[in-house]
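**Q** Following is a predicted model, sequence given first.
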Amino acid sequence: MNDKEKAALGSITASALLTAAKATVGLLTGSLAILSEAGHSLLDLSATLLTYLAVRISGKPADAEHQFGHGKVESVTALAETALLFLLTAVVIWEALQRLAGARPHAVEATAAAFAVIAASIVIDFFRARTLQRVAEATFSEALEADALHFSSDLWSSVAVLIGLGGVALGYSWADAAAALVVAVFICIAGWRLGRRTIATLTDAAPAGVSERVASIARRIPGIVGVERVRARPAGAVLFVDLGVDVSRTLPLDRVSAITERLTRAIRAEIPQAEVTITTEPRALDDETVRERVMMIARNRGVAIHHVAVQTISGHLSVSADLEIEGTLPLAAAHDVASGLEEAVRDELGPDVEVETHIEPLPADVLAGHDAPSARIAEVRASLATLAAEIAGLDEVHDVRVRETADGEIVNFHCRVDPALSVRAVHDLVDAVERGLRRHWPTIQRVIGHAEPQR
């Protein structure tokens, strides 16, 4: 049994005992105020029974019929409790006005038992309201919060009854009916507060301040450049949050996914009951580079490009790139892919942009092969060492590997380079070694050199 169910069962027990005690004393003394309190407690008992059923049903997980869970069962229960409160208010007010007008004269006895029952009711309601409120806040239960509010009002109405009994004991017979009217007012206020909050939940009214709080969290997450919308609606213990944010359109999908995951964690850290749905919208930013825009276009078209070069020639923009196409594809089909990419770049950057693509075969996803014999590896290692010795700033060729595949040999090697050189300069040095090796050994299909800083 969870905390919500324990709190609800405890409230049921207290309501049953108070109802029996107040009804007995009210009938014995003839006090309308105590009888109205008994009626109030009887409704409390009915309400707490409904609350117990509600918290059990609302705790069920979502299913095919209730895809957002069963949380609003608590709201429906709270609404039924509100209706009962207003019904009791009408009955008490009518009877009290009849007695005050003399239409129904009735003797009231202010006995010790009456004082004792009402005093006990005040103490019980005080501790019961505190317990229910604590559990409601911990579990975000609307039904328990409604009960806590209800019993807080009961406490003050019991105080009014106690004062009315004191008036009767002092000889003011009308004090009992007046106390009953005060009780009715407290019941009405509690019903109004509970009903307003319940109807707001059932009509999906956003909790005050939640949208601003969620938007503030979103704006703190790196990569989010704007918040388009925030919608929130409570359903029992769950707060459903629908959030739309803007991200740079140049970001890859895995980066966008990481941003949304980080945002979800941040919202739940501050609002644990939140069930978050995030929609991302791509936005063109003012600081996008031409290279980023071209790479984005290629990624969106599902093609791979590299060596993107951007130039300004006599005031006109020129873009060129290497386009990787499946090696077995006929040239006509490959040319259509290239033409589509070039046209998309012109649509993005303007019709006067010069766009050129160099088509090259896309490497196989998995190329089967095996290590070359040790003698062959030694030959390649010796050739690499000779080439490195001829290039200033490059030495210590090591970790040489030669693999034989159906497409030819693939060579991997590491070398040491002056750490002060730029990436461009290092690339040129390593590229020179790669070209020299392939000229010396035509059977080598590809060479991959890895440069490391000299020690």
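**A** Thanks, I have it. All figures in this text were calculated on a predicted structure; none of them were measured in a lab. Numbers count the residues shown, from 1 in each chain.
**Q** Let me know the outermost residue of this structure.
**A** G171 (63.0 Å; CA atoms, centre = their mean).
**Q** Surely that residue is in a strand?
**A** No. Using DSSP: H, G, I helix; E, B strand; the rest coil, the assignment for G171 is coil, not a strand.
**Q** What score does it have for pLDDT?
**A** Looking at G171, its pLDDT reads 74.
**Q** hey, where'd the helices end up in the protein?
**A** Secondary structure of the chain by DSSP state H: the helices cover 3-29, 32-58, 72-100, 112-139, 142-169, 175-202, 210-219, 253-270, 290-300, 331-349, 374-389, 423-440.
**Q** Can you pull the phi/psi pair for the residue farthest from the centre of the chain?
**A** G171 has phi and psi values of phi 100, psi 10 when expressed as degrees, to the nearest 10.
**Q** Same check on A372?
**A** Dihedral angles (degrees, to the nearest 10) for A372: phi -70, psi 160.
**Q** What sits closest to it if chain neighbours are left out?
**A** Of all residues not flanking A372 in the chain, V402 sits nearest, at 4.0 Å (CB to CB, 6 or more residues apart in numbering). Bear in mind the C-beta positions are built from the backbone N, C-alpha and C, glycine included.
**Q** Now for the one you found: which residues touch it?
**A** Counting by CB atoms under 8 Å, 6 or more residues apart in numbering, V402 makes contact with 371-372, 376-377, 380, 409-411.
**Q** what number of residues lie near the nearest residue to I297 once chain neighbours are set aside?
**A** Leaving aside its sequence neighbours, I297 sits nearest to A344 (CB to CB, 6+ apart; 5.0 Å). By other CB atoms under 10 Å, 17 other residues sit near A344.
**Q** Tell me if I'm right that I448 and V411 touch.
**A** Yes. With contact defined as CB atoms under 8 Å, I448 reaches V411; the gap is 7.1 Å.
**Q** Can you pick out the residue with more neighbours from those two?
**A** The residue with more neighbours, out of I448 and V411, is V411; 24 against 12, by other CB under 10 Å.
**Q** which non-adjacent residue is nearest the more buried one?
**A** V447 (4.7 Å).
**Q** my guess is the one you found meets H440, correct?
**A** No. Between V447 and H440 there is no contact under CB under 8 Å: 10.8 Å.
**Q** quick one: which of the two has more around it?
**A** Per other CB under 10 Å, whichever of V447 and H440 has more neighbours is V447, with 21 against 14.
**Q** residues contacting the more buried one?
**A** Per CB under 8 Å, 6+ apart, neighbours of V447: 410-411, 413, 433-434, 437-438.
**Q** Out of those, which two are the most distant from each other?
**A** Using CB to CB, the contacts of V447 reach their maximum pairwise distance at I410 and V433, which is 15.1 Å.
**Q** Would you mind telling me which of those two has the busier surroundings?
**A** A direct count of neighbours by other CB under 10 Å for I410 and V433 places V433 higher, at 22 against 19.
**Q** measure that one to E409 for me?
**A** Relative to E409, V433 is positioned 15 Å away (CB to CB, to the nearest Å).
**Q** cool, and R346?
**A** 41 Å.
**Q** swap in G223?
**A** For G223, the distance to E409 - CB to CB - is 43 Å.
**Q** These two: who's more crowded?
**A** E409 (20 against 17).
**Q** which non-adjacent residue is nearest the more buried one?
**A** Per CB to CB, 6+ apart, closest to E409 is I444, 4.7 Å.
**Q** The one you found reaches E434, doesn't it?
**A** No. The criterion here is CB under 8 Å, and I444 misses it with E434 at 9.2 Å.
**Q** middle-most residue in this protein, spatially?
**A** With distances taken as CA atoms, centre = their mean, V276 lies nearest the centre of the chain, 2.7 Å away.
**Q** and it, what does it touch?
**A** Contacts of V276 by CB under 8 Å, 6+ apart are 241, 243, 263-264, 267-268.
**Q** So which of these is the closest to A392?
**A** L263 (51.4 Å).
**Q** quick one, phi/psi of the nearest residue to that closest one once chain neighbours are set aside?
**A** Distances taken as CB to CB, 6+ apart put I221 closest to L263, at 4.9 Å, once the chain neighbours are dropped. For I221, the backbone dihedrals (degrees, to the nearest 10) come out as phi -90, psi 120.
**Q** ok, I221 to E275 distance?
**A** I221 is 18 Å from E275, by CB to CB.
**Q** now stretch 255-269, how far from the chain's geometric center?
**A** 8 Å (CA atoms, centre = their mean, to the nearest Å).
**Q** and if you look at stretch 372-385?
**A** Worked out by CA atoms, centre = their mean, stretch 372-385 lies 57 Å from the chain centre.
**Q** what does that stretch contact?
**A** 371, 397, 400-404, 409, 411, 413, 415, 433, 437, 440-441, 444.
**Q** biggest separation within these, which pair?
**A** Every pair of the contacts of stretch 372-385 checked by CB to CB; the farthest is E404 and C415, at 22.4 Å.
**Q** Those two - which one has more neighbours?
**A** C415 (25 against 17).
**Q** hang on, isn't the more buried one packed against V433?
**A** Yes. Using CB under 8 Å, C415 is in contact with V433, at 7.3 Å.
**Q** Now the common contact residues for those two.
**A** 384, 388, 394, 449.
**Q** so where's the stretch 101-250 of the chain uncertain?
**A** 102-111, 114, 137, 139-147, 149-157, 176, 194, 198, 200-206, 236-237 (pLDDT under 70).
**Q** rerun at 90
**A** 101-211, 231-240, 248-250 (pLDDT under 90).
**Q** for S158, what are its contacts?
**A** 37, 118, 121-122, 125.
**Q** go again using 6 Å as the cut-off
**A** 118, 121-122 (CB atoms under 6 Å, 6 or more residues apart in numbering).
**Q** what do you get for D418?
**A** 393, 454.
**Q** from here on, count from 46
**A** Let's use 46 as the start, then, which means that last one is D463.
**Q** Phi and psi next, for it.
**A** Taking degrees, to the nearest 10 as the convention, D463 sits at phi -50, psi 120.
**Q** residues near I269, how many?
**A** Neighbour tally, I269, other CB under 10 Å: 21.
**Q** now R491, nearest residue through space, not along the chain?
**A** Per CB to CB, 6+ apart, closest to R491 is I455, 5.0 Å.
**Q** beta partners for that neighbour?
**A** For I455, the beta-bridge partners under DSSP bridges are R448, R491.
**Q** how many neighbours does T305 have?
**A** Neighbours of T305 (other CB under 10 Å): 20.
**Q** go on, R276?
**A** Residues near R276, counting by other CB under 10 Å: 15.
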